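>>> Fold the following and give me the result.
(2 chains)
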Amino acid sequence: MIICTKNMDYRFGTQCQFVQNQVMVNSEKDRASLLCMKALANRGRLDSVSQQMASHPQYLESFLRTQHYILYMDGPLPLHYRHYIAIMAAARHHCRYLVSLHSAQFLRVDGDPLWLQGLEAAPPRLRHLDHINKVLAHQPWLTARSHIQALLKTGEQCWSLAELVQAVVLLAHCHSLCSFVFGSGSDSDSIPTPRVHHGTPPGYCLCDAANGNTALLPPPAGPTEKAPRRRSLDSSCEVAYLREQIQKSQEEIKERKADRLHSQTLSHADVEEEDEAMFSADPSRFVTDPEFGYQEFARREEDHFQVFRVQDYSWEDHGFSLVNRLYSDIGHLLDERFRNVASLPFPHSPDLKRAIWNYIHCIYGIRYDDYDYGEVNRLLERGLKLYIKAVACYPDSSKTPLCPLSWAHIKASEKVHVNLLVMEARLQAELLYALRAITQYMIA
Amino acid sequence: MFQVVVAGRNIFKIYGLEEEGFVERLNLRVGRKPSLNFSCADVMWHQMDENLLATAATNGAVVTWNLARSCRNKQEQLFTEHKRTVNKVCFHPTEVNMLLSGSQDGFMKCFDLRKKESVSTFSGQSESVRDVQFSIKDYFTFAASFENGNVQLWDIRRPDRYERMFTAHTGPVFCCDWHPEDSTFHMHKVLHRGWLATGGRDKMVKVWDMSTNRVKEIYCVQTIASVARVKWRPERRYHLATCSMMVDHNIYVWDVRRPFIPFATFEEHKDVTTGIVWRNQHDPYYLLSGSKDSTLYQHMFKDASRPVDRANPEGLCFGLFGDLAFAAKESLMTAPQSVGDVGRKTYPGGDRRYPIFFFKKPDVTEQFAQVSSALSVFESEAGSSVGMDWFINTAKSYLLSGKPFAELCEHNAQVAKKLNRPQESTTWTMLRIMFSEPANPSLSTNHNLNKSGNLPLVNSFSMKEMSAALNERNKENRQDNLHSLETNLNNNDENEETEGSEGQAEYLFGDAELDDDDLYSMEHDNQAAEEPEYLLPQEAFPLRHEIMDHPSAPEPVQEKPESPHVSGSETESTCLTPMESINLISVSQLLFSPHLPPKFFCPIVKEMLCYYAEQGDVQMAVSVLIVLGDRIRKEIDELTQEHWYMSYIDLLQRFELWNVSNEVIKLSTCGAIMCLNQASTTLHINCSNCKRPMSNKGWICDRCHQCASVCAVCHHVVKGLFVWCQGCSHGGHLEHVMEWLKQSKHCPAGCGHLCEYT
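I've put the predicted structure just below:
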């Protein structure tokens, strides 16, 4: 458990090998490892998502910054709301990984454990968000001014515009992250295994990186040694705090005699254990109308949804200004993400990249006047198109079998890149629809 | 005879401007299913040929139209060289056949309308082109603005490389416009190229002087939304019009020399304005605009609203030392001086002796309302440090926690008394009596009865008379503030000196009360010893580790009576006009039911607090609030409390009473106040490895890539309490170092230093 080297070999999980195998320029690699170290030192854990992205350190940096900003930094929503919204968003795609991750963080920021029993236990204000969550996740083109209006309608449970914008950004971020998680197969190791002690993976120890001590320390003598070590890792406050929280929640649960949770909690009475397992619950309880899913966006006669023309409402010209006005600085962060993903070196022609991006937007009904969509068929093989569509529209491992990447003749190393493209394109698509609806609301 | 062309995704029409309004002349959108060539991002009419139009299509085509064509389809030429949307087309102002385009693909192309293809291609090599504009004066030059914030200057003859580039904005530069240097302008200055205005997503309009070798920003106007279009106003050297792409629907005309307030505003549109144009190059009075709300307007300048008319040209500000500066229109200031104008100094506008006052010469060309203000400064008299001394002294000497309730009240009453504030002093005394626990009041009231027999045990005053008295006192004090204060101090000193022997002689309120005071103190003393009824102040937030000082344990109150009770200044005693009519506290009630619950008084106390707060003495309100704590807290709504706290803390901080303000924050019970202590708690640290400042957040140093604060015992990052030896600067988790040093004398890092832990 105390083995690690300065260069940070990822000794855990299968994806790590894959990261290692990547040919990376040396400086790039250093940068990635530094980022990972930072993330690890900050949060005590390095999730597999970050590990995957580490092959594109520049992108990873802006991704982590955005995520940190929307989840923890200045914003109108209280922290536990943010995590709960993230849970709701991830549950739409049955992403166990994100649901359990945010459930744990929800508890950590003092959220009411009862809410985790399901959507009906959450306050009505959050439940109101369910509809727009559903629409944005599967058929964002349905987002309309009326949804915004309904949420903002003054009343006891109303949302403020600033809150709503943050919620929408959060929803879009999590939906698209689900795609990435699904595409990269991170969801399969969603159930926290015993290897995660307090979020620190075994085989990695900060001290060595910290002391510049690259020598391998002797392996642990036995389990007896483990316990005190573990406790010492998390500096005084956090463990105690967590323990207190869990005890508190236990008491509450006992009082209310919520049987299901009760038994779960008791089985994890040892608070030294990960609390994440405790609520790695079935995402379906945060979902209403589970049948609602993606439908082909086609120009059918009966419901003439207008094609969304980017030239009429683009991120650069319109979306940015609006979102940045209502939720300061997020525009710049998202802008950086989009720019970064656009500037990633792609082994094939930039045309392919544009084809992928436009194809994803096309799936969601967003069209570019200046693009010849015949090019999509020319450049993207059927396998790749299927893959992209599965990742973008059906990132639900409970329904869709794990991605048939083999269909596409694309190298594993490029898979991350494609996944990133899918994630960002989807994020932008959802944001565009949501922000356009908000704009329409503001004009009316 | 004017004509205007309107082009967009679904419209391409020409209207004539008639007396009664716009009249449609021609619809250029022909065919049953018009191609995307008709979907226009930009349109331009040739300045020299009234039949020639050019449009930029969203699908990347550049199209020219000739209205002189006889058939229905007026399309003349189609250039499909751009790969992405064309954002802008621009005709050369003097050359008939030259057309320039700028596109999303990052290229600019120059077309000769006599040829089928572009003559030259310019690669900006910095993302999408948002605007291109031919210079009006310089035949060969054009400017291009880019999505990444750059502006480039090109010579039309040299397509290989731009002549000049500078970063104008952060984020996209949506538009630029050359100054249409009119003839009068030339007389002032001989310029090579003149000025260029740029507008960007960063909500700014900047004016650049392009005539010098280095491009210089000469004016900057901050707007409230991203700037989509900017157009210089004809015949007005400093005016330009802007409109926005998002959120803001208005059109503004700015005088760039007055960047804080628009010169004129047109507020007709209900959705964002997508295009603006001046009707004639030499007519500054007509502006046309199109909007997403599907309307086309011709604005007359005289209809514009002038925000400056609604602006308030008065200003008022307090100086650091109590001076008051006041500026207002000169016309208002000529009024005869009122009686209260003591120490008033006037600074006539433009007085050279006071260079800090910027005086703007009236400029005839500037059509701004000329407001000339007179500035008056009311100086507080030198030496007398205004009326706020009492505030500072009170803040410093009040005790808010750490002692039994009664003692706190007593102490504060003395403080107030010493500072010549009898009303506050009495309030404290009253509070003490009202809220002392019922265990002893019965006893004490009995005592009171026995001792005094008559009612005014406590000096109580009706608020009205009291405040009147106070006002009087204040007036007096203004004159000899310092003097009286000094005498007070002297008196106090004397008191202290003589305390032991004949302190009682100094008491003002007669024997009965003296005894009363004594008894009270003793009572509380006893009580405190038996049952500690007072609570330690609650901590503001869940403690992570014990860092707060615990309030010191209550001291024995024997010392209490020794403290000087009174300042025997004459002025004070005159203020204390005892009251006969209505007592605020009806002691008679106390008489008959000595066990009256303290709750009974809450409404009165609440009223009293509100009174103080409204009088501007928020100090009193907050202090009482804190000292009374739970006794009163629930009576007053959170918002009001928060408001008081905020005001008091703000005041304290203005007087740099940081310690007191911190104490107040700590003792407050409002959530919003308590978090104040958690704001800006940044601590700048150096990396322990490379000894350089840690620039970023987190636990890892950017420079040496190592964890900065590592525990020498367990080698993990210390995230909580960090303790280190000042000798060898090694350290770690508090518990770990404690444990380690129990067993060993040496530093856990192995440096050989003999660390000490105390």
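>>> thinking residue B:228 is in contact with residue B:243, fair?
Yes - if you go by CB atoms under 8 Å, residue B:228 and residue B:243 touch, sitting 5.7 Å apart. (Glycine included, C-beta is placed from N, CA and C.)
>>> So between the two, which is more surrounded?
Neighbours were tallied for residue B:228 and for residue B:243 using other CB atoms under 10 Å in any protein chain shown; the higher tally belongs to residue B:243 (28 against 24).
>>> where's the more buried one relative to residue B:290, distance?
Distance of residue B:243 to residue B:290, computed by CB to CB, to the nearest Å: 10 Å.
>>> what sits in contact with each of the two?
Common contact partners of residue B:243 and residue B:290 (CB atoms under 8 Å, 6 or more residues apart in numbering or on different chains): B:273-275.
>>> Of the residues you listed, which is the nearest to chain A?
The shortest approach to chain A among the shared contacts of residue B:243 and residue B:290 belongs to residue B:274, at 10.5 Å (CB to the nearest CB).
>>> Surely residue B:606 is in a helix?
Yes - counting by DSSP: H, G, I helix; E, B strand; the rest coil, residue B:606 is part of a helix.
>>> quick one: it and residue A:138, what's the gap?
Using CB to CB, residue B:606 is found at 55 Å from residue A:138.
>>> So residue A:335: helix, strand or coil?
Put simply, residue A:335 is helix when judged by three-state DSSP.
>>> Isn't it up against residue A:320?
Yes - the criterion here is CB under 8 Å, and residue A:335 meets it with residue A:320 at 6.0 Å.
>>> between these two, who's got more neighbours?
Neighbour comparison, residue A:335 and residue A:320: the larger count goes to residue A:320, with 24 against 19 (by other CB under 10 Å).
>>> Identify the contacts common to residue B:228 and residue B:243.
Jointly contacting residue B:228 and residue B:243 under the rule CB under 8 Å, 6+ apart are B:272-274.
>>> near chain A, which residues of the stretch 251-400 of chain B?
Applying CB under 8 Å from any CB of the partner chain, one finds that the stretch 251-400 of chain B approaches chain A through B:270-271, B:293.
>>> which residues do residue A:335 and residue A:320 both contact?
Jointly contacting residue A:335 and residue A:320 under the rule CB under 8 Å, 6+ apart are residue B:171.
>>> Any idea how many residues pack against residue A:350?
10.
>>> go on, residue A:59?
By other CB under 10 Å, the burial measure for residue A:59, its neighbour count, is 22.
>>> show me the contacts for it.
Taking CB under 8 Å, 6+ apart, one finds A:53, A:337, A:340-341, A:344, A:420 in contact with residue A:59.
>>> Tell me the confidence at it?
For residue A:59, the pLDDT comes out at 89.
>>> top of the residues of the stretch 251-400 of chain B next to chain A by neighbour count?
Among those, residue B:271 has the most neighbours (other CB under 10 Å), with 16 neighbours.
>>> how far away is that one from residue B:243?
Distance, residue B:271 to residue B:243, by CB to CB: 11 Å.
>>> quick one: contacts for whichever residue of the stretch 101-250 of chain B sits closest to chain A?
Of the residues in the stretch 101-250 of chain B, the one nearest chain A is residue B:246, at a distance of 4.0 Å by CB to the nearest CB. When contacts are counted by CB under 8 Å, 6+ apart, residue B:246 touches A:317-318, A:321-322, A:325, A:439, B:225-226, B:272.
>>> Report the separation between residue B:307 and chain A.
For residue B:307, the distance to chain A equals 21 Å [CB to the nearest CB, to the nearest Å].
>>> thinking that residue is in contact with residue B:261, fair?
Yes - the pair residue B:307 and residue B:261 passes the contact test of CB under 8 Å, sitting 5.5 Å apart.
>>> on that earlier part again, which ones among the shared contacts of residue B:228 and residue B:243 are found in strands?
The strands, defined by DSSP state E, take in B:273-274 from the shared contacts of residue B:228 and residue B:243.
>>> Highest neighbour count among the shared contacts of residue B:228 and residue B:243?
In terms of neighbours by other CB under 10 Å, these top out with residue B:273 at 26 neighbours.
>>> what bridges to that one?
Residue B:273 forms beta bridges with residue B:291, as assigned by DSSP bridges.
>>> do the longest helix along chain A and chain B meet at all?
Secondary structure assigned by DSSP state H gives helix A:412-443 as the longest helix of chain A. Yes - contact of helix A:412-443 with chain B (CB under 8 Å from any CB) involves A:439, A:442-443.
>>> any idea of the mean pLDDT for that helix?
Mean predicted confidence for helix A:412-443 is 90.
>>> same thing with stretch B:318-327?
What stretch B:318-327 shows for mean pLDDT is 77.
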